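Enquirer: no sequence on hand, only this structure:
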Ligand code: FAD
């Protein structure tokens, strides 16, 4: 009897942990469970669930252990030894930081994750590609969240996704510190006893023990406003794009269950719907998506003029920050606008449209500016001081911001998480820094054009190894010589080095990114679509598009009614480009990612922007017969 009592308690704690519905509750029950089992996650065997499994002995946990065992057996993890000498810090417990943490733990790395909050509160919903659903199922998502992707559901609220991944991460032994904010990197130095210290960080609260930690890798997963220095940000400035998200309470009634979801792409072609909406309500949208999840979630792109006319935006400003600033938005009018759009687009079938509450206890509706989107120019870099190397990398929104209404969701975020883990694995196994960086940058160039259709078909084989996921990984499009500028030895800062084993590298040099044109499907597709058009010869994804004719041809191939191609004049470069931009935006919902002048200038247009722009056509039109 006496002996069974503590066992019972451990089982209760385990159940509490599995069903915890908040970040705080999950953290609390997990630390109690570990304490109870006398396990210290920072020193215990990794992955941590193995010693837990041995000590807990609980039939209800068996299904979960079986899942984790199966995943942990992937060859690339080398039985949790692939990265066993590496200490990694991850900034941010968003879905991508957590997903990266999980992968690194399976490889045996010590992973320390900082999160400045202790709540997961975003109701908004992320679209999941088939591979992400498969991936999450394999990590036991359904054990933690019974409704995970039931039936044909292919989305999840951000907070539920974080909660699932947090639990997996904790079970694998990730040391999670909530209410701890990363401030900055601290360079290696000697302490007063002449001990050499490696790379560390400054955090808030200042005296938190994690500030003593020395680490080899740091991963920025802190969302769109990334705090790690050294990464140049690319800006994609399109036309004004104002997104509205709204969450309504889902009471799970039969009436609600019957209402059909709206996938954005299906609606882009339905111009009549948007016309009727405008005529009947004065609401003018470019697109709308509706997912039925824990809440009824809507995301839409609204035209500024209609927001002004409906009194949502009070005063017109050219500066979007000012335009959407708190004082310039009438919250009640915004609620009414979102509710009316939701009601109309679901054919008035949702019985009640009561707002769900957000983190602040307010109706959950918000406007976001997507006029400017960011992507980091590079995915990783190496810093070296006093012989200590630090691998620095970005994942998730810090790396490449998604355009929410396009529904790419978190898939590219997960791909980058896996790619970063793969890089850290190569690094841990002693590959040369320049080779590691060259491979990472090559993969990063594939990321903006990925779609479920152009990835490897067999998603059950996906692993941390990029060749299981991407079609064309070789040859590398970025060479080691092209990533020299991504190694920062501090020479410019005038630091002297006291180690003989330091690699001497030429001073940092900015190397222009090559075009993406080699070896990719996108180019082939564009060539097929534009072939035979007079004055059009697509040989790349940049300069071939300068005259605007190729863009007009691409549109004409699919919708000859939209452009009178034969009337176009090759020399009217800017007019052609503007026409293409406008038609694509109006008819397909594809916003330009650069100005007319940038695309038609004699200099090469920005290759990353071009790929992102053309990928949207590909995604939308690839299955429709020309
Ligand atoms: P995030 O999910 O942004 O997570 C970053 C984490 O880092 C946060 O938890 C943050 O608290 C933490 N953090 C930041 N700085 C520090 C620091 N210095 N130290 C420690 N921790 C730090 N996408 C959609 O597709 N549709 C939507 O409707 C949608 N709505 C959104 C609403 C909001 C309010 C936000 C912020 C994002 C929304 N997104 C939406 C984007 C979506 O959440 C992300 O694409 C997705 O979560 C993947 O992001 P991530 O993991 O890279 O970063």
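Expert: Great, that's in hand. Note that the structure is a prediction, hence the values are computed from the model and not measured. Numbering: from 1, shown residues only.
Enquirer: okay, CA-based contacts and neighbour counts for the rest of this
Expert: OK.
Enquirer: looking at the chain, which helix or strand does the model trust least?
Expert: Taking mean pLDDT, DSSP states H and E as the measure, helix 264-268 is the helix or strand of the chain with the lowest mean score, a mean of 59.
Enquirer: next SSE downstream of that one?
Expert: Taking DSSP states H and E as the definition, the helix or strand that follows helix 264-268 towards the C-terminus is helix 271-281.
Enquirer: packing partners for that following helix?
Expert: Contacting helix 271-281 under the criterion 3 or more CA pairs under 8 Å, 6 or more residues apart in numbering; DSSP states H and E are the following elements: strand 285-292, helix 331-345.
Enquirer: of all these, which one is nearest the ligand?
Expert: The ligand lies closest, by CA to the nearest ligand atom, to one member of those: strand 285-292, at 9.9 Å.
Enquirer: counting by contacts, list what that closest one packs against.
Expert: Strand 285-292 makes packing contacts with helix 264-268, helix 271-281, strand 295-302 when contacts are defined by 3+ CA pairs under 8 Å, 6+ apart.
Enquirer: the last one versus helix 331-345: what angle between them?
Expert: For strand 295-302 against helix 331-345, the angle by axes from the mean of the first three to the mean of the last three CA atoms, to 10 degrees is 100 degrees.
Enquirer: re earlier: the ligand is nearest to which of the helices and strands packed on strand 285-292?
Expert: The closest of the helices and strands packed on strand 285-292 to the ligand is strand 295-302. By CA to the nearest ligand atom, the value is 6.3 Å.
Enquirer: contacting residues around the closest one?
Expert: Applying CA atoms under 8 Å, 6 or more residues apart in numbering, the set of residues contacting strand 295-302 from outside is 123-125, 241-250, 283-291, 342, 356, 404-405.
Enquirer: poorly predicted segments of this structure, please.
Expert: Scanning the chain with the threshold set as pLDDT under 70 gives 1-5, 264-269, 491-520, 625-626.
Enquirer: show me which residues of it sit near the ligand.
Expert: Residues of the chain lying close to the ligand by CA under 6 Å from any ligand atom are 91-97, 114-117, 124-126, 180-183, 221-223, 245, 396-398, 404, 409-410.
Enquirer: winner for burial among the helices and strands packed on strand 285-292?
Expert: Taking mean count of other CA atoms under 10 Å as the contact definition, the stretch among the helices and strands packed on strand 285-292 with the greatest mean neighbour count is strand 295-302, which reaches a mean of 24.
Enquirer: deepest of the helices and strands packed on helix 271-281, which one?
Expert: Sort the helices and strands packed on helix 271-281 by mean neighbour count, taking mean count of other CA under 10 Å, and strand 285-292 sits at the top with a mean of 23.
Enquirer: tell me what angle that strand forms with helix 331-345.
Expert: Per the same axes, to 10 degrees, the angle that strand 285-292 makes with helix 331-345 is 80 degrees.
Enquirer: could you list the residues in contact with strand 285-292?
Expert: With CA under 8 Å, 6+ apart as the test, strand 285-292 has contacts from 125, 155, 250, 261-264, 267-268, 274, 278, 296-303, 405, 586, 589.
Enquirer: same question for stretch 540-554.
Expert: When contacts are defined by CA under 8 Å, 6+ apart, stretch 540-554 is touched by residues 515-517, 523, 526, 529-530, 533, 535-538, 563, 565, 568, 570-580, 599-602, 604-607, 610-611.
Enquirer: and if we set it to 7 Å?
Expert: If you take CA atoms under 7 Å, 6 or more residues apart in numbering as the criterion, stretch 540-554 is touched by 517, 523, 529-530, 533, 536-538, 565, 570, 573, 576-577, 580, 599-600, 604-605, 607, 610-611.
Enquirer: let's verify the residue nearest to residue 353 when sequence neighbours are not counted: helix, strand, or coil?
Expert: Ranked by CA to CA, 6 or more residues apart in numbering and with sequence neighbours excluded, the top spatial neighbour of residue 353 is residue 248, at 5.8 Å. When classified by DSSP: H, G, I helix; E, B strand; the rest coil, residue 248 comes out as strand.
Enquirer: list the buried residues for stretch 11-30?
Expert: Of the residues in stretch 11-30, those buried under the neighbour-count criterion (16 or more other CA atoms under 10 Å) are 11, 13-14, 16-23, 25-27, 29-30.
Enquirer: and stretch 561-569, by the same measure?
Expert: Residues of stretch 561-569 classed as buried: 563, 565 (neighbour count, 16+ other CA under 10 Å).
Enquirer: that one: how far from the chain's middle?
Expert: Using CA atoms, centre = their mean, to the nearest Å, the distance from the centre of stretch 561-569 to the centre of the chain it belongs to is 38 Å.
Enquirer: show residues contacting that stretch.
Expert: Among residues not part of stretch 561-569, those counted as contacts by CA under 7 Å, 6+ apart are 552-553, 556.
Enquirer: name only those of the contacts of stretch 540-554 that count as buried.
Expert: Among the contacts of stretch 540-554, those that count as buried by neighbour count (16+ other CA under 10 Å) are 517, 523, 529-530, 533, 536, 538, 565, 573, 576-577, 580, 599-600, 604-605, 607, 610-611.
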